[in-house]
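> A structural model of the following input is requested.
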Amino acid sequence: MTKARDTAASDLVVARKQAEDQTNRLLDVEGQLQTAKRDIAYLKEKLTVAIHEKGIAEYARDEAVRAKDEAPLARMGATVTGVDAAEKISRLRIFMLHAGLDSVTSTIEYRCTTAEKLVEEDRKFDAVIALEVIEHVANPAEFCKSLAALTVPDGATIISTINRSMRSYATAIVAAEYLLHWLPKGTHEWSSFLTPEELVLILQRANITVREMAGFVYNPLTGRWSLSDDISVNFIAFGTKNCQ
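Numbers count the residues shown, from 1 in each chain. You can find the predicted model right below:
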């Protein structure tokens, strides 16, 4: 009888612990949702202020200037090959590069192709940079293998993307696509986002070791991104290809 009471008491303790853990998880999710709601409200308010203070035309002009100024690596002396799988987007960027007054950026080799096709051409690069791309590919693991194949041993691989979190759903999809209309609706699919842990594992399997990781924070007033320790939404990973 005593043994039965002891077993029941032990089961009750375990049940209470499980209930407490579940409650804490729910409170954590609720906290993330509240933070996301505050982020959305902040972004909407600040963007509205920025547009009204600067004027819509000036705001659009500044956005075009930033899009045009997309080749800092070339200005630093690097030989740059720009790759875009979307033909219309590539044509636009080629036009913007050659229409500019900067003779350095006009030397960039811009190609409408894919990483996989460059692998078939046996191309090699000291650094491979894929910004806001991996969340749009059908097979992230195979894509990373292609990036690794394009990178020389000890070369750099840099990937930026969006974390699969409650906060990213609220800001990168609900806010950016449906409230602020920064992007067309349906641009992103939340289930296609990768967590930082998943990206690290995928890169490891592609023979790339992640050395550093940081988050991105956007300031609507200045129109600039800055690095942050917060990787809950936008983040960037820097890795190097292992020598075989």
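> Might you report the residue contacts of the residue lying closest to Ser165 once chain neighbours are set aside?
Once flanking residues are discounted, Ser165 sits nearest to Ser232: 5.2 Å by Cβ to Cβ, 6 or more residues apart in numbering. (Glycine included, C-beta is placed from N, CA and C.) By Cβ atoms under 8 Å, 6 or more residues apart in numbering, Ser232 lies in contact with Asn163, Ser165, Arg167, Ser168, Gly215.
> give me that answer again for 6 Å
Ser232 is in contact with Asn163, Ser165, Arg167, counting by Cβ atoms under 6 Å, 6 or more residues apart in numbering.
> Where is pLDDT lowest across the residues you listed?
Ranked by pLDDT, those bottom out at Arg167, which has 89.
> how about the helix or strand encompassing that residue: buried residues?
Using DSSP states H and E, Arg167 falls within helix 166-168. Going by neighbour count (16 or more other Cβ atoms under 10 Å), the buried part of helix 166-168 is Met166, Arg167, Ser168.
> wait, the last one sits on Val174?
The reference is to Ser168. No - contact criterion Cβ atoms under 6 Å: Ser168 and Val174 do not qualify, at 9.8 Å.
> circling back to that earlier point, what's the closest of the buried residues of helix 166-168 to Ala127?
Ser168 (26.5 Å; Cβ to Cβ).
> Skipping its backbone neighbours, what lies nearest that closest one in space?
Using Cβ to Cβ, 6+ apart, the closest residue to Ser168 is Val233 (4.6 Å).
> Show me what the helix or strand where Ala237 lies is packed up against.
Here Ala237, judged by DSSP H and E, is contained in strand 234-241. Contacts defined by 3 or more Cβ pairs under 6 Å, 6 or more residues apart in numbering; DSSP states H and E place strand 234-241 against strand 151-162, helix 196-205, strand 208-219.
> tell me, which of these is the model least confident about?
strand 208-219 (a mean of 89).
> Within its sheet, name the partner strands of the next helix-or-strand element following that strand and how each one runs.
Later in the chain than strand 208-219, the nearest helix or strand by DSSP H and E is strand 224-228. Sheet pairing of strand 224-228 (DSSP bridges) gives strand 208-219 (antiparallel).
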